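In: sequence and computational prediction follow.
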Amino acid sequence: MPDRAPTIIDVAARAGVSKSLVSMVMRADPGVSPRRRDAVLAAAAELGYRPNRAAAILAGTRTRTIGVVVDDFRNPWFVPLLDGIRDALAPHGLRLTLADVRANAHLGSSPIDDLLSLRVDGVVLAAEGFPDLVAPSGTPVVVAGARGDVPADLDVVASDESAGGRLAVAHLVGAGHRHVVHVTGSGGPATVRREAAVAEMVASGVEPLVYGSGPTSEATGYEGTRRALAEHPEVTAVFAANDVMAMGAIAAVREAGLRVPEDVSVIGNDETPLASSPLLRLTTVDPHNEEVGRLAAVRLVERIAGGVGAAGAPTPTRTLVDPTLVVRATTGPPRR
């Protein structure tokens, strides 16, 4: 093997194919047969070849890359969402790259600007922050999840968060709970869930109790539940705005010397991997985020293919996915 770094020409010679075919493989073009793709990838591995991404971008107007903006990688809400996006992009030979709103905040860097500097073909926006996070005209954008202040000209795919909030409260009231607290935080999804939870409590004749402010984190769930139990010892059920907050709620319940679900039932929202773990076995609302991600990616691909702003381009849509309730070990009838 030569001392210099291997090139696309070296890979083509080793695999016995043309340079253009190697290029097609490296940009994940679906038009390459599995046999030839395997031969090119094997040759590249043998030679230690790595494609020059910058050169590929400069060579054409399309990068076959989709950018995804998320709020915080620590939130497991994004795991199924990203799975759905990836699965929808794969048949089109499209790759995805991630940007976290918090990652470069200390530099004053916008995640949208970071993605546009890579010349992504479109953006799935799964974060709060409008209008600062809206891409310039000409870049297709689809919003994933319930967000506040979304511009009317953007497509939105989200779970029906109102239905999810009602499902959670209805489950607790149906089990016999008359003293229910909702522990929540800031953000679009939390706001919609809170409004729905309060409305369902009122409709069920249950006094609405709401605690918590700030990020929808485990710490917020813990502190909100701790305060609620201290000020309202009659509480027998907690609906947390998400599964991470539910973990904090369970910690607060146990710290108060109470048991879950014997003394206090706890229900979350999001059906994250945490919820189904044998250690937690959390009752939760499943917003079907994988389906949300899949539909958002499908819509974005349609936008890219149709041309944003072109004559005949499809009008913006609002797509809602129906949530379902997953009952596990953390809820039951009141026993005190």
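Out: Perfect, I can see it now.

In: measure Pro140 to Ala158 for me?
Out: Taken as Cβ to Cβ, to the nearest Å, the spacing of Pro140 relative to Ala158 amounts to 18 Å. Glycine gets a C-beta too; all of them are placed from N, C-alpha and C.

In: ugh, wrong one, I meant Val25
Out: Taking Cβ to Cβ as the measure, Val25 and Ala158 are separated by 36 Å.

In: check Val192 too.
Out: Note on Val192: its distance to Ala158, by Cβ to Cβ, is 9 Å.

In: ok, now Arg14?
Out: As for Arg14, its distance to Ala158 is 48 Å (criterion: Cβ to Cβ).

In: the two: which has the busier surroundings?
Out: Neighbours per residue, other Cβ atoms under 10 Å: of Arg14 and Ala158, the larger number sits with Ala158, 24 against 19.

In: how near is the residue nearest the centre of the chain to Thr319?
Out: The structure's the chain has its C-alpha centroid closest to Phe78; by Cα atoms, centre = their mean the separation is 3.1 Å. From Phe78 over to Thr319 the distance is 19 Å, taken as Cβ to Cβ.

In: OK, contacts around Pro316?
Out: The contact partners of Pro316, taken as Cβ atoms under 8 Å, 6 or more residues apart in numbering, are Ala152, Asp153, Leu154, Asp155, Val156.

In: now do the SS call for it.
Out: Classification of Pro316 using DSSP: H, G, I helix; E, B strand; the rest coil returns coil.

In: please report how far it lies from Ala152.
Out: With the distance defined as Cβ to Cβ, Pro316 ends up 7 Å from Ala152.

In: output the longest helix belonging to this structure.
Out: Across the chain, the helix with the greatest residue count (assigned by DSSP state H) is helix 289-306.

In: quickly list the domain ranges of this protein.
Out: Using automatic domain parsing, the domain ranges for the chain come out as 8-59, 65-159+289-321, 161-286.

In: in CSV: these, plus mean pLDDT and distance to Ala329.
Out: As requested, those are arranged in CSV below (pLDDT from 0 to 100; distance: least, Cβ to Cβ, whole Å):
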stretch, mean pLDDT, distance to Ala329
domain 8-59, 78, 43
domain 65-159+289-321, 84, 19
domain 161-286, 96, 4
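
In: tell me which of the ones you listed sits most buried.
Out: Looking across the domains of the chain with neighbours counted as mean count of other Cβ atoms under 10 Å, the highest average goes to domain 161-286: a mean of 21.
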